[in-house]
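Asker: predicted coordinates and the sequence they were generated for:
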Amino acid sequence: MVVLALQSGAATAAPERTNGATALPLTAAARAAAIESAQQAAGSTARELGLGAEEALVVRDVVKDADGTVHTRYERTYAGLPVLGGDLVTHVSKGGALKGVSRATKARISVASTDAAISAAAAKKSALAGTGSSKATARKVIWAAGAKPVLAYESVVRGLQHDGTPSELHVVTDATTGKKLYSYEAIDTGTGTSQYSGTVTLGTTASASGGYDLIDGGRGGHTTYDLNGGTSGTGTLFHDADDAWGDGTPTNRQTAAVDAAYGAAVTWDFYKSAFNRNGIAGDGKAAYSRVHYGNAYVNAFWSDSCFCMTYGDGQNNLKPLTSLDVAGHEMSHGLTAATAGLKYSRESGGLNEATSDIFGTSVEFFANNASDVGDYLIGEKIDINGNGTPLRYMDKPSKDGSSADYWSRTVARLDVHYSSGVANHFFYLLSEGSGAKTVNGVSYNSPTYNGATLAGIGRAKAEQIWYKALTTYFTSSTDYAGARVATLQAASDLYGAGSAEYQAVAATWTAVNVN
């Protein structure tokens with residue numbers, strides 16, 4: 001029986017804290033003020049960085065560390081046009097000295113002209129070709145993620161993917177030659193366990209008309225909606241007369257809502273406890289959840305455009321994909337979107353997916369729920385393969401038959417759910433070490449590329465390093481080589497350049513063939 005009461009979900013003890021490089025918690029008002037202040041100084045910052053006269057900086061986020069270091073994340077424009085792949089992060093000491101800059105590209109942003117040789121209509125037509133959709137928008141941009149910045153169009157094609165998942169396909173087309181330069185899917189999908197979490201607590205809100213609404217006022221107002229088989233809009237807000245929700249069976253429509261809302265609450269609590277993060281975007285505002293999407297839809301997805309998670313009901317509408325690791329995975333796509341903005345393609349897409357697996361796993365451990373114990377298996381409860389095996393394995397990703405254990409030149413060609421294996425393996429090894437061991441009753445046996453024996457530094461420290469790298473050093477185009485540099489810098493900030501943690505990060509990347 002799943003019964004919910006009007007109360008906040010319990011949080012487990014916070015992990016070991018780090019030094020002055022730990023980010024300070026900012027209220028929504030303080031964060032907004034920091035962004036406004038940074039934007040007012042953006043002109044002088046651009047000049048200090050040596051940007052051209054046509055370039056301008058737009059502040060996306062500001063992170064302040066306990067030691068006074070300020071990390072400011074910027075997007076760039078050129079002659080008023082958005083620069084895709086031009087994002088950068090400045091790192092400024094308490095005294096105001098520029099300590100460094102993390103750049104998505106080192107190329108100087110400049111094009112001969114901002115007059116396009118082809119029309120926006122032609123770019124849209126090219127982007128629509130072969131998609132089966134008739135809906136697209138296009139805007140003129142500067143594409144800076146290639147070898148040389150070029151004038152381009154970014155078209156967004158909306159429709160459905162083959163399995164019924166909404167599609168927001170971004171296609172970048174050279175505005176001079178009409179050549180397709182890049183494409184990626186902005187709807188981040190993932191699958192997870194349909195195992196319910198037993199008796200749990202969530203925040204609900206008394207309705208003015210009587211009864212209760214599934215709105216968690218203690219966590220930014222997270223709201224859960226019933227799509228009732230629909231595929232658009234928000235559907236109907238869940239309401240209950242006596243504040244006792246669901247009965248643990250998939251035929252009760254509230255049960256999926258219980259798991260989705262509980263997963264969202266635990267994920268919020270995890271980010272608050274582990275990183276002092278005030279909501280997914282760091283602004284104190286909640287995302288929202290939609291359940292009962294489509295008919296027998298076997299997936300779940302995150303969309304930046306609505307800042308929301310959506311869950312299908314699984315095979316025969318009897319296995320809703322609404323568990324802890326699904327919620328943690330999907331909401332972490334929102335974290336990535338609000339910070340590094342890792343493009344959902346090639347190696348950056350693999351890092352995007354791995355980040356969601358890493359923090360989805362961390363949420364599962366954090367919850368300490370006896371009905372779904374923490375493990376390094378992804379989707380271990382849904383039996384999507386029909387033989388009881390997980391969807392993905394972090395200790396040896398190749399056990400799923402498709403994922404990469406180690407980096408190679410071919411990793412970028414894999415689907416992002418499989419190229420993520422390199423980072424998932426890195427996180428497991430950094431946390432637990434190599435070789436055979438048992439964690440929470442689950443047996444693992446993790447190999448290394450170079451045959452090295454690794455001890456691991458513990459999951460709490462591995463989480464801190466990955467989070468700091470993501471939020472202060474990753475950019476939209478970070479690849480595996482860049483992730484090595486970023487996590488080493490994060491380990492240096494948190495634990496010291498000569499620390500055991502720093503050395504462990506270096507050794508672990510080598511163990512997955514990222515040198």
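Answerer: Thanks, I have it.
Asker: please enumerate the strands of the stretch 401-515 of the chain.
Answerer: 435-439, 442-446 (DSSP state E, counting those that start in this stretch).
Asker: most tightly packed of those?
Answerer: For the strands of the stretch 401-515 of the chain, the largest average neighbour count (mean count of other CB atoms under 10 Å) is found in strand 442-446, namely a mean of 16. Heads up, the C-betas are built off the backbone N, CA and C, glycines and all.
Asker: just checking: what are the partner strands of that strand?
Answerer: Take DSSP bridges as the rule and strand 442-446 pairs in its sheet with strand 435-439 (antiparallel).
Asker: how far out from the middle of the chain is the partner strand?
Answerer: 28 Å (CA atoms, centre = their mean, to the nearest Å).
Asker: low pLDDT regions in the stretch 51-200 of the chain?
Answerer: 162-163, 187-198 (pLDDT under 70).
Asker: following the lowest-mean-pLDDT helix or strand in the chain, which helix or strand comes up?
Answerer: Lowest on mean pLDDT, DSSP states H and E among the helices and strands of the chain sits strand 187-190, with a mean of 50. Remark: after strand 187-190, the chain's next helix or strand is strand 205-206, criterion DSSP states H and E.
Asker: that following strand pairs with which strands, and in what direction?
Answerer: For strand 205-206, pairing defined by DSSP bridges yields strand 212-213 (antiparallel).
Asker: coming back round to it: so for Thr249, which of the strands of the stretch 401-515 of the chain sits nearest?
Answerer: strand 442-446 (27.0 Å; CB to CB).
Asker: for the closest one, what is the distance to the chain centroid?
Answerer: 26 Å.
Asker: and for it, what are the contacting residues?
Answerer: Identification of contacts with strand 442-446 by CB atoms under 8 Å, 6 or more residues apart in numbering yields 375-377, 395-396, 425, 428-429, 432-438.
Asker: which positions in stretch 338-353 come out as buried?
Answerer: Applying a neighbour-count criterion of 16 or more other CB atoms under 10 Å, one finds 338-353 buried in stretch 338-353.
Asker: how about stretch 137-150?
Answerer: For stretch 137-150, by 16+ other CB under 10 Å, it's Ala138, Lys140, Val141, Ile142, Trp143, Ala144, Ala145, Gly146, Pro149, Val150.
Asker: can you give me the end-to-end span of it?
Answerer: Start-to-end span of stretch 137-150 (CA to CA, to the nearest Å) is 20 Å.
Asker: quick one, helices of the stretch 301-450 of the chain?
Answerer: 324-338, 346-367, 416-419, 421-432 (DSSP state H, counting those that start in this stretch).
Asker: save those as TSV, and put in mean pLDDT and distance to Ala66 too.
Answerer: What follows is the helices of the stretch 301-450 of the chain, written out as TSV (pLDDT from 0 to 100; distance: least, CB to CB, whole Å):
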stretch	mean pLDDT	distance to Ala66
helix 324-338	90	21
helix 346-367	96	22
helix 416-419	95	34
helix 421-432	98	23
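Asker: related to what we said a few turns ago, to Thr255, which of the strands of the stretch 401-515 of the chain lies closest?
Answerer: Each of the strands of the stretch 401-515 of the chain has some distance to Thr255 by CB to CB; the shortest is strand 442-446, at 26.1 Å.
Asker: what's the angle between the closest one and helix 421-432?
Answerer: If you take axes from the mean of the first three to the mean of the last three CA atoms, to 10 degrees, strand 442-446 sits at 110 degrees to helix 421-432.
Asker: how about stretch 202-222: buried residues?
Answerer: For stretch 202-222, by 16+ other CB under 10 Å, it's 202-205, 212-220, 222.
Asker: ok, those residues vs Val258, which is closest?
Answerer: Leu202 (7.3 Å).
Asker: picking up where we left off before, so which of the strands of the stretch 401-515 of the chain is nearest Ala260?
Answerer: Among the strands of the stretch 401-515 of the chain, strand 442-446 sits nearest to Ala260 (CB to CB), with 25.1 Å.
Asker: alpha carbons only: can I get the closest one in PDB?
Answerer: In PDB, the C-alpha atoms belonging to strand 442-446 read as follows (Å, rounded to 0.1, in the frame of the first residue of the first chain):
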ATOM      1  CA  VAL A 442      24.900  -6.600  -5.400                       C
ATOM      2  CA  SER A 443      28.100  -8.200  -6.800                       C
ATOM      3  CA  TYR A 444      30.400  -6.200  -9.200                       C
ATOM      4  CA  ASN A 445      33.600  -6.900 -10.900                       C
ATOM      5  CA  SER A 446      35.100  -3.900 -12.600                       C
END
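Asker: residues in contact with His170?
Answerer: Glu154, Ser155, Val156, Ser183, Tyr184, Glu185, Ala186.
Asker: show me how to select, in PyMOL, the buried members of those residues.
Answerer: Entered in PyMOL, the line below selects the buried ones among the contacts of His170, by 16+ other CB under 10 Å:
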select buried, resi 154+155+156+184+185+186
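Asker: reformat the contacts of His170 into CSV and put secondary structure and distance to Asn368 next to each item.
Answerer: Shown next, in CSV, are those (DSSP: H, G, I helix; E, B strand; the rest coil; distance: CB to CB, whole Å):
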residue, secondary structure, distance to Asn368
Glu154, strand, 44
Ser155, strand, 46
Val156, strand, 41
Ser183, strand, 41
Tyr184, strand, 36
Glu185, strand, 34
Ala186, coil, 34
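Asker: still on that earlier bit, from the buried residues of stretch 202-222, pick the one nearest Gly95.
Answerer: Closest to Gly95, out of all of the buried residues of stretch 202-222 and judged by CB to CB, is Gly220, at 34.6 Å.
Asker: separation between that closest one and Thr510?
Answerer: 40 Å (CB to CB, to the nearest Å).
Asker: with Val111 instead?
Answerer: Taking CB to CB, one finds Val111 at 40 Å from Thr510.
Asker: helix, strand or coil for Arg158?
Answerer: strand (DSSP: H, G, I helix; E, B strand; the rest coil).
Asker: okay, and the beta partners of it?
Answerer: Residues in beta-bridge contact with Arg158 (DSSP bridges): Lys135, Glu168.
Asker: for Asn295, state which of the contacts of His170 is nearest.
Answerer: Among the contacts of His170, and counting by CB to CB, the member closest to Asn295 is Glu185, at 22.1 Å.
Asker: I'd assumed Pro166 was in contact with the closest one.
Answerer: No: judged on CB atoms under 8 Å, Glu185 makes no contact with Pro166 at a distance of 9.9 Å.
Asker: tell me the phi and psi of His71?
Answerer: Note on His71: backbone dihedrals following degrees, to the nearest 10 are phi -110, psi 120.
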